[in-house]
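Participant: turn this into a structure:
(chains A and B)
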Protein chains: 2
Amino acid sequence: MELTDLITRARRSEARALGRLISLVENESPQSREIDAELAPHTGSAHIVGLTGPPGVGKSTSVTALVSELRRRGRTVAVLAIDPSSPYTGGALLGDRVRMQSHSTDPGVYIRSMASRGSLGGLSATATASLRVLDGIGFDVILVETVGVGQSEVDISAVADTTIVLLAPGMGDEVQASKAGVLEVGDIFIVNKADQGGAESTRRQLRFMIGGNDHDASTWLPPVTLAVALSSKGFGDIVDAIDSHRIHLTASGELERRRTRRARREIEELTMQLIRARLHAGPHLAKLDALASDVVSGSTDPYSAAVELAGQ
Amino acid sequence: MELTDLITRARRSEARALGRLISLVENESPQSREIDAELAPHTGSAHIVGLTGPPGVGKSTSVTALVSELRRRGRTVAVLAIDPSSPYTGGALLGDRVRMQSHSTDPGVYIRSMASRGSLGGLSATATASLRVLDGIGFDVILVETVGVGQSEVDISAVADTTIVLLAPGMGDEVQASKAGVLEVGDIFIVNKADQGGAESTRRQLRFMIGGNDHDASTWLPPVTLAVALSSKGFGDIVDAIDSHRIHLTASGELERRRTRRARREIEELTMQLIRARLHAGPHLAKLDALASDVVSGSTDPYSAAVELAGQ
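Facilitator: Numbering: from 1, shown residues only, chains lettered A, B, ... in the order given. Coordinates of the predicted model:
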């Protein structure tokens, strides 16, 4: 199939065509560069919302509730579930299919799970490339959810326009104790399972930790919302908060700054990949081998060799 | 103090002078390049022995026993204990001082602990740089021991001439179950705590897993030695095995190959560091910023931007 045809059909909400596009990008096929170039002029409209939070907090249910509310408002939604620890990729996992059953026949919803072949820079390069495809295809909102633990909350905030941090009653202490930058990265906080005891106390605790006394109108004060994802309670407020945050980001110039930062990081990582590949081929490889022999024989040291190879 | 003076004094086994040299390299001070260049012609004589094994197997005791046996044979020994998870660095940790007490007044022994500010390529660049200092100063043997778990056994084999894998009775199943390349990286296997039951069975199990039926004289068949580190039992055989391995490495050309591979990796990582630093300064930074803006506005895509920045 022609690439432009594939893109046209993906724009018409044909899930299979979109799935193929993303697979091409994920597998870093030769066409992936063409796809990227083709879609570039159409990127920038989607609002990328990152969802993060500790295991057991109700992330999956929250994503489902969020999708329902966004669809109720007529927005198209793509969900990208990233599992940094999973070897599985390509298409939605069984678990996703089950939990998102209510949306499975809705052409305005696309769900994709992927393993993250994690890199030093956080989420894998293929994950950010897939985000660009979903953006360029025309989704209004892209929800990025990381499964698993670790640095994921920080990683997700690096690719998202709006980062939502999910917590459950009683988790305030955990957040305080953690050295992770969860508080700094959150634009919106949700205390899920608010029908359980202790939700209000967790909300107050969070409110206190986030601060806000020195808040003025020009900065964003992250709201802390009580919710019950299982019954969609509170998700109207949450989508309102996402929209407010988007307006704030645009008005303050922060959206542009965040996206430029993100683009810079992407370009830098790709540049380093290109340069490393170049070191492994042709005349550079021969030079590298010769310098390595010189280091072993003691006629130079690794740093001087690197300076020579880098052409400084 | 003059650098050459510092080096002269370190060669005379002045521990403080050597400690300062390594600290300069560890902290990537401006002088570290000069030190590296100064010592380069004197590197290559030390035999680098890596020690790895699961926690609780008796690594520390084995290092002490190994040092004693090497000293008995008149060799000078440096011990580099690398803790990939520790934030502490610079000088020996309290634990090392205690366990190595018997060697603390011996000028032929130098002990250093360092945290590994781990990098993608395995052991930190500062760890390999410190190895080069110890080599250039003139130690006959350098023992590298990693504390902690994970990929360390593979990392250590990347810097060592000879890799020793330590196991204890009953650990055979663990090795078999593990997908880690412990079996592939080991040049010498020690079943420590051989005074406990099951040592001989673990030895046989290891022998079977390592293979050797298709062994011919030109390849190295890793010996599996029973030992009791606490009473130094078996460590004469182990040092003999290290010496045999060194002879095999030299005669087969494998020593040169391993060291060239190591030097290539070091040069490559330093080159990438130099290039990344260059991206963050001057005209390249301005270019990167401009390209990032172009990506955000949709007039280019990250890959095309990277190609432009890399100058391909």
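
Participant: which SS state does the closest residue to residue A:196 other than its chain neighbours fall under?
Facilitator: Nearest-residue entry for residue A:196: residue A:169, 5.0 Å, with adjacent residues in sequence omitted and distances by CB to CB, 6 or more residues apart in numbering or on different chains. (Glycine included, C-beta is placed from N, CA and C.) Here residue A:169 is coil, with the state taken from DSSP: H, G, I helix; E, B strand; the rest coil.

Participant: so how far is residue A:137 from residue A:169?
Facilitator: In this view, residue A:169 and residue A:137 are 38 Å apart by CB to CB, to the nearest Å.

Participant: and the two? Which one has more around it.
Facilitator: residue A:137 (24 against 19; other CB atoms under 10 Å in any protein chain shown).

Participant: show me the contacts for that one.
Facilitator: A:7, A:10-11, A:18, A:21, A:39, A:42 (CB atoms under 8 Å, 6 or more residues apart in numbering or on different chains).

Participant: next SSE downstream of the least confident helix or strand in chain A by mean pLDDT?
Facilitator: Scoring the helices and strands of chain A by mean pLDDT, DSSP states H and E places helix A:94-99 at the bottom, with a mean of 50. Using DSSP states H and E, the helix or strand that follows helix A:94-99 in sequence is strand A:109-115.

Participant: for that following strand, buried residues please.
Facilitator: Buried positions in strand A:109-115, judged by neighbour count with 16 or more other CB atoms under 10 Å in any protein chain shown: A:109-115.

Participant: may I have the phi/psi pair for the nearest residue to residue A:227 once chain neighbours are set aside?
Facilitator: Once flanking residues are discounted, residue A:227 sits nearest to residue A:234: 3.2 Å by CB to CB, 6+ apart. Residue A:234 adopts backbone torsions of phi 100, psi -10, taken as degrees, to the nearest 10.

Participant: pretty sure residue A:234 is touching residue A:226, no?
Facilitator: Yes. Residue A:234 lies in contact with residue A:226 (CB atoms under 8 Å); the separation is 5.8 Å.

Participant: and for those two, which residues touch both?
Facilitator: With CB under 8 Å, 6+ apart as the test, residue A:234 and residue A:226 both reach A:190, A:194.

Participant: residues of the stretch 1-150 of chain A that sit close to chain B?
Facilitator: Neighbours of chain B within the stretch 1-150 of chain A, by CB under 8 Å from any CB of the partner chain: A:33, A:36-37, A:39-44, A:120, A:129, A:132.

Participant: and the helices in the stretch 151-300 of chain A?
Facilitator: Along the stretch 151-300 of chain A, counting by DSSP state H, counting those that start in this stretch, helices occupy A:152-159, A:172-177, A:182-185, A:199-210, A:235-252, A:254-279, A:282-297.

Participant: pick the most buried one from those helices.
Facilitator: Compared across the helices of the stretch 151-300 of chain A, helix A:152-159 shows the largest average neighbour count, a mean of 22 (mean count of other CB atoms under 10 Å in any protein chain shown).

Participant: parallel or antiparallel, which strands does the helix or strand residue A:50 falls within pair with?
Facilitator: Following DSSP H and E, one finds residue A:50 within strand A:47-52. With DSSP bridges as the test, strand A:47-52 is paired with strand A:141-146 (parallel), strand A:162-167 (parallel).

Participant: need these in CSV (columns: mean pLDDT and mean neighbour count).
Facilitator: Output for the strands paired with strand A:47-52, formatted as CSV (pLDDT from 0 to 100; neighbours: other CB atoms under 10 Å in any protein chain shown):
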stretch, mean pLDDT, mean neighbour count
strand A:141-146, 91, 24
strand A:162-167, 93, 26
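
Participant: show me the shaky parts of the stretch 1-150 of chain A.
Facilitator: A:1, A:83-102, A:104, A:116-124, A:147-150 (pLDDT under 70).

Participant: please enumerate the helices of it.
Facilitator: In the stretch 1-150 of chain A, the helices defined using DSSP H, counting those that start in this stretch lie at A:3-11, A:15-26, A:31-39, A:59-72, A:94-99, A:125-137.

Participant: show me what the third one is packed up against.
Facilitator: Here helix A:31-39 is seen to pack against helix A:3-11, helix A:15-26, helix A:125-137, helix B:302-310 when contacts are counted using 3 or more CB pairs under 8 Å, 6 or more residues apart in numbering or on different chains; DSSP states H and E.

Participant: check the offset of that helix from the chain's centre.
Facilitator: Computed by CA atoms, centre = their mean, to the nearest Å, the chain-centroid distance of helix A:31-39 equals 20 Å.

Participant: what's in contact with it?
Facilitator: Looking at helix A:31-39 with CB under 8 Å, 6+ apart, the contacting residues turn out to be A:3-4, A:7, A:21, A:24-25, A:129, A:132-133, A:135-137, B:301-304.

Participant: and the angle for it with helix A:3-11?
Facilitator: Interaxial angle, helix A:31-39 versus helix A:3-11 (axes from the mean of the first three to the mean of the last three CA atoms, to 10 degrees): 70 degrees.

Participant: what's the answer for the last one, then?
Facilitator: Compare the direction of helix A:125-137 with that of helix A:3-11 by the same axes, to 10 degrees and you get 80 degrees.

Participant: so which of the helices of the stretch 151-300 of chain A is nearest residue A:65?
Facilitator: Within the helices of the stretch 151-300 of chain A, the stretch nearest residue A:65 is helix A:235-252; the backing value is 4.7 Å (CB to CB).

Participant: anything in that closest one near chain B?
Facilitator: No. Counting by CB under 8 Å from any CB, chain B is not contacted by helix A:235-252; separation bottoms out at 12.9 Å.

Participant: roughly how far is that helix from the heart of the chain?
Facilitator: 18 Å.

Participant: the residue lying closest to residue A:200 once chain neighbours are set aside and residue B:225, how far apart?
Facilitator: Distances taken as CB to CB, 6+ apart put residue A:226 closest to residue A:200, at 7.3 Å, once the chain neighbours are dropped. Distance from residue A:226 to residue B:225, counting by CB to CB: 64 Å.

Participant: repeat that for residue A:284.
Facilitator: 43 Å.

Participant: tell me the domain ranges of chain A?
Facilitator: A:3-253, A:266-310 (automatic domain parsing).

Participant: re earlier: from the contacts of helix A:31-39, which is closest to residue B:65?
Facilitator: residue A:129 (52.6 Å).

Participant: which non-adjacent residue is nearest that closest one?
Facilitator: Distances taken as CB to CB, 6+ apart put residue A:25 closest to residue A:129, at 4.7 Å, once the chain neighbours are dropped.

Participant: what's the neighbour count on that neighbour?
Facilitator: By other CB under 10 Å, 24 other residues sit near residue A:25.

Participant: ok, it touching residue A:128?
Facilitator: No. The pair residue A:25 / residue A:128 is not scored as a contact, 9.9 Å apart, by CB under 8 Å.

Participant: got the contact list for residue A:211?
Facilitator: No contacts exist for residue A:211 under CB under 8 Å, 6+ apart.

Participant: distance of it relative to residue A:221?
Facilitator: In this view, residue A:211 and residue A:221 are 9 Å apart by CB to CB.

Participant: what of residue A:209?
Facilitator: Residue A:209 is 13 Å from residue A:221, by CB to CB.

Participant: what of residue A:247?
Facilitator: Look at residue A:247 and residue A:221: by CB to CB, they are 14 Å apart.

Participant: number of nearby residues for residue A:27?
Facilitator: Residue A:27 is flanked by 12 other residues according to other CB under 10 Å.

Participant: brain fart, residue A:38
Facilitator: Residues near residue A:38, counting by other CB under 10 Å, number 18.

Participant: same check, this time on the one 5 residues further on
Facilitator: Other residues within reach of residue A:43 by the criterion other CB under 10 Å amount to 23.

Participant: next: residue A:197.
Facilitator: Using other CB under 10 Å, residue A:197 has 10 neighbouring residues.

Participant: touching, it and residue A:191? I think so.
Facilitator: No. Using CB under 8 Å as the test, residue A:197 is too far from residue A:191 to be in contact (12.0 Å).

Participant: on that earlier part again, got a list of what the residue nearest to residue A:227 touches?
Facilitator: Contacts of residue A:234 (CB under 8 Å, 6+ apart): A:190, A:194, A:225-228.
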